[in-house]
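In: Predicted structure and sequence below. I'll ask about it afterward.
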Amino acid sequence: MAVAEFIPSSSSSLTKKASFYSSQLSYVSTKISHQRRLSFKPLSRTSQICCSVTSKEAQAPTVGQTDDPKKKSECYGVFCLTYDLKAEEETSSWKKMITVSVSGAAGMIANHLLFKLASGEVFGPDQPIALRLLGSERSIQALEGVAMELEDSLYPLLREVNIGIDPYEVFQDAEWALLIGAKPRGPGMERAGLLDINGQIFAEQGKALNAVASRNVKVIVVGNPCNTNALICLKNAPNIPAKNFHALTRLDENRAKCQLALKAGVFYDKVSNVTIWGNHSTTQVPDFLNAKINGLPVKEVIKDTKWLEEEFTVKVQKRGGVLIQKWGRSSAASTAVSIVDAIRSLVTPTPEGDWFSTGVYTNGNPYGIAEDIVFSMPCRSKGDGDYELVKEVIFDDYLWNRIKKSEDELLAEKRCVAHLTGEGIAVCDLPGDTMLPGEM
Ligand SMILES: NC(=O)C1=CN([C@@H]2O[C@H](COP(=O)(O)OP(=O)(O)OC[C@H]3O[C@@H](n4cnc5c(N)ncnc54)[C@H](OP(=O)(O)O)[C@@H]3O)[C@@H](O)[C@H]2O)C=CC1
Ligand SMILES: O=C([O-])CC(=O)C(=O)O
C-alpha cells in the first residue's frame, strides 16, 4: 500500500487546494500514486474559499471532460467557482470552513444525510462546509447525480463539493469522516464473509485516513458490521487517536426512546439517559435500568418488567429487520437523522444530567468491559468533538449478563478479523444466533 506523506493540516486547507485542483473541472478518479508530496502556495485565507486556482467564474463546468480521467477527485460544477467570503457582509462572521468526507455517498443513507449537512442543521448556520464524496467505479455516475442535486439546492453554506473514488484523495484534510459505504449482506452470505469483505474496505480506509486526514479527524462508522469495522479502521490508523472513532448506535438509542415513550404514553422528548450497550446487532442491550422518563427511573414509570425485559429489548434489537420487511430496504432516513444526532452530540454540550450512546474504543473504560473492542457505551461531551464515558450508571444481573453476551460477540468478531487488524491469523468462531439488526 502506498502511503501519502503527511502534511500537517495547521495551514489552511483552503490554501492547499490551490495547486491540488489546478486541473479543475474533471471529476473521475481512480487510484493514483500516494507518494507525491503536494506543495501548496499559501494564499490569503480570506481570498478564496473554493477549489480552483485560476478563477473561472463565468465558465460553465465541462462535466465528464478531463485530461486524465484516472487522475483525482475534483471540485464539482458550480463549486469550482471562487468567492471572497470576507467581502460578503453576511458571510464575514462565518467560521473557518470544515471538511467532511462521506463514503457510500451515492447510497440511500447518504442521500438523506448530505442535504442535512449542507443545510447547516448539523454544524450550525455560521459553519461553511466542504463535502468530499467517496464513490466507486460502480457508483460514479450516481455520485455525479448527487453532486448535481447539491448544486441545484443552492445551499449558502455549501462552499465546495468534490467527488472521487480514491480514499487517499477524498479523505484529504477531512475533519469528519462519515463512513457509510459497505457491502450489504446478500442471500446465503455468511456473516464471517461479510466481516471479511467489509473489513477490507475499512482497513483500506483506515490507512487512507491515517495518511491524509486531519490528525484530529472524527470518524463515524455506519457501514455494517459497524463496531468491528470501526475497530479495523482505527487499528489501521495508528496516528489518529483511537478515541476519535465511533460506531453508529444512535439509531438504536432513538428506537429505544421511541418504544419507551410509546409504552409510557408520553412524548419521546420526555425520555432521557438511554444507553445502548454493546454491538450494533441483535445482541445490543437497550438499558432500561438507567433510563429515565420525565426524570424518573423507567422502572418507576413502566412497572411491567416482563415487557421491559422481553418485548422492549427484542423490539429494539430487531427494529431494523421489521422495517426491512415493511419498507423493502434498510432504514435510511432515520439512520441519517441519527448520524446528525451523533455529530450534534459531539459538537454541542450534552444537556445537564443526560448522556448519549455511541460505539467507542473500550480501553480505559470504567465498567469492566473487555478492552480493545468498539462497544456502545454512555458518553457526555462538552461540545468540543470529544467525549467522556459516564461513570454514574448502575448494573444488575439482567443488564450485566446481556452486556457480556454482546461483549462475547464482539470478541468473536475481533478474532475473525485478526488478519485486518495486524493481530495475526483470523479464527472465526462467531456465535450462530447473532445477527445485524436488519437480519431476521
Ligand atoms: N449503524 C447503523 O445504525 C446502520 C447501518 N446501516 C448500514 O449502512 C450501510 C449503508 O447503507 P445504505 O446507504 O442504505 O446502503 P446502499 O446500498 O444504499 O449504499 C451502500 C453503498 O455502499 C457502497 N459499497 C461499498 N462496497 C460495496 C460492495 N462491495 N458492494 C456493494 N456496495 C458497496 C456502495 O457505494 P459505492 O459503490 O460508491 O462504494 C453503496 O452505494 C450498510 O452497511 C447498512 O447495513 C444501515 C442502517 C443503520
Ligand atoms: O442491518 C442493517 O443493514 C440495517 C441496520 O443496521 C439497522 O436497521 O439498524
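Out: Structure's in. What do you need? Ligands and ions are numbered 1, 2, ... in the order given.
In: contacting residues around the residue of the stretch 251-400 of the chain found nearest ligand 2?
Out: The nearest approach of the stretch 251-400 of the chain to ligand 2 comes at residue 320, 2.4 Å away (CB to the nearest ligand atom). From N, CA and C alone the C-beta is placed, and that goes for glycine too. By CB atoms under 8 Å, 6 or more residues apart in numbering, the contact set of residue 320 is 251, 330, 331, 436, 437, 438.
In: Just give the nearest non-adjacent residue to it, would you?
Out: Closest residue to residue 320 apart from its sequence neighbours, by CB to CB, 6 or more residues apart in numbering: residue 437 at 3.2 Å.
In: Would you mind naming what in this structure lies close to ligand 1?
Out: 104, 106-109, 135-136, 138-139, 180-184, 201, 222-224, 226, 248, 251, 280, 330-332, 335 (CB under 6 Å from any ligand atom).
In: Now the buried members of these.
Out: 104, 106-109, 135-136, 139, 180-182, 201, 222-224, 226, 248, 251, 280, 330-332, 335 (16 or more other CB atoms under 10 Å).
In: From ligand 1, how far out is the residue nearest to residue 348 when sequence neighbours are not counted?
Out: Excluding the flanking residues, the one nearest residue 348 by CB to CB, 6+ apart is residue 383, at 4.7 Å. Separation of residue 383 from ligand 1 (CB to the nearest ligand atom, to the nearest Å): 23 Å.
In: What is the neighbour count of residue 383?
Out: Residue 383: 13 surrounding residues under other CB atoms under 10 Å.
In: Enumerate every residue touching it.
Out: By CB under 8 Å, 6+ apart, the contact set of residue 383 is 346, 347, 348, 349, 350.
In: how much space is there between it and residue 300?
Out: 31 Å (CB to CB, to the nearest Å).
In: Next: residue 124.
Out: Computed as CB to CB, the residue 124 to residue 300 distance reads 37 Å.
In: quick one: average confidence on stretch 252-262?
Out: Averaging pLDDT along stretch 252-262 gives 98.
In: ah, wrong one, I meant stretch 417-430
Out: Mean predicted confidence for stretch 417-430 is 92.
In: Show residues contacting that stretch.
Out: Applying CB under 8 Å, 6+ apart, the contact partners of stretch 417-430 are 191-192, 195-196, 199-200, 202-203, 228, 231-232, 235-236, 409, 412-416.
In: Now find how far off-centre that stretch is within its chain.
Out: Using CA atoms, centre = their mean, to the nearest Å, the mean C-alpha position of stretch 417-430 is found 24 Å from that of the whole chain.
In: in it, what's buried?
Out: Here stretch 417-430 shows 417, 419, 420, 421, 426, 428 as buried, counting by 16+ other CB under 10 Å.
In: And that stretch, end to end?
Out: End-to-end span of stretch 417-430 (CA to CA, to the nearest Å): 11 Å.
In: same deal with stretch 212-223?
Out: In stretch 212-223, first residue to last residue: 21 Å (CA to CA).
In: Say whether ligand 2 is contacted by that stretch.
Out: No: on the criterion CB under 6 Å from any ligand atom, stretch 212-223 is out of touch with ligand 2, staying 8.4 Å away.
In: for that stretch, which positions count as buried?
Out: Within stretch 212-223, the residues scored as buried using 16+ other CB under 10 Å are 212, 213, 214, 217, 218, 219, 220, 221, 222, 223.
In: Relative to residue 296, how far out is residue 250?
Out: 23 Å.
In: what about those two, which has more around it?
Out: Taking neighbours as other CB under 10 Å, residue 250 and residue 296 compare with residue 250 leading, 28 against 11.
In: quick one: the more buried one and residue 355 touch, right?
Out: No: applying CB atoms under 8 Å, one finds residue 250 not in contact with residue 355, separated by 11.9 Å.
In: re the thing from before, so the residue of the stretch 251-400 of the chain closest to ligand 2: helix, strand or coil?
Out: With DSSP: H, G, I helix; E, B strand; the rest coil as the basis, residue 320 sits in helix.
In: Let's see the pLDDT reported for it.
Out: 91.
In: next one: residue 76
Out: We note a pLDDT of 89 for residue 76 in this prediction.
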